[in-house]
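> For reference, the sequence and a predicted model appear below.
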Amino acid sequence: ITGSEGKTKGLEYADSIAFDCHKWLNIPYDCGVCLVRDIQYLKQSCHVDSPYFKSSGPEPDFLSLGIENSRRFRGFPVWVSLLGYGRMGITNWVK
């Protein structure tokens, strides 16, 4: 979501943004999100190199894309909210 005014003004210039889905997407409990322009920085900062965390292919494992490797699946309510409201619903809500 980009815009020339309001809450999203200048968002397109950010290298990363962080927000709380509880406040922005009506998620019922804590769920923080960090969106980055360059995924390499995210992988470098979150990757855990342990013998029991081995990648199974060329794509990064999800554990290398976030800091909560053993927490409950907080992304599910976000996914359901995005499906339910859709792009336009979320856009109207944020603006």
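The structure has been received and is ready for your questions. It should be emphasised that the depicted structure is a prediction, and the values quoted were computed from it without experimental measurement.

> Just list whatever residues bridge to the one residue sitting closest to the centre of the chain.
Per C-alpha atoms, centre = their mean, the C-alpha nearest to the average position across the chain is that of residue 33, at 3.8 Å. For residue 33, the beta-bridge partners are residue 19 (DSSP bridges).

> Next one: it relative to residue 5, how far apart?
Here residue 33 is placed at a distance of 23 Å from residue 5 (C-beta to C-beta, to the nearest Å). Every residue, glycine included, has its C-beta placed from N, CA and C.

> that older thread, show me what contacts the residue nearest to the centre of the chain?
18-21, 78 (C-beta atoms under 8 Å, 6 or more residues apart in numbering).

> For those, give me JSON lines that also has pLDDT and neighbour count.
Below are the contacts of residue 33 laid out as JSON lines (pLDDT from 0 to 100; neighbours: other C-beta atoms under 10 Å):
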{"residue": "18", "pLDDT": "86", "neighbour count": "10"}
{"residue": "19", "pLDDT": "83", "neighbour count": "14"}
{"residue": "20", "pLDDT": "84", "neighbour count": "12"}
{"residue": "21", "pLDDT": "83", "neighbour count": "20"}
{"residue": "78", "pLDDT": "85", "neighbour count": "15"}
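
> of all those residues, which comes closest to residue 45?
Ranked by distance to residue 45 (C-beta to C-beta), the contacts of residue 33 are led by residue 18 at 12.6 Å.
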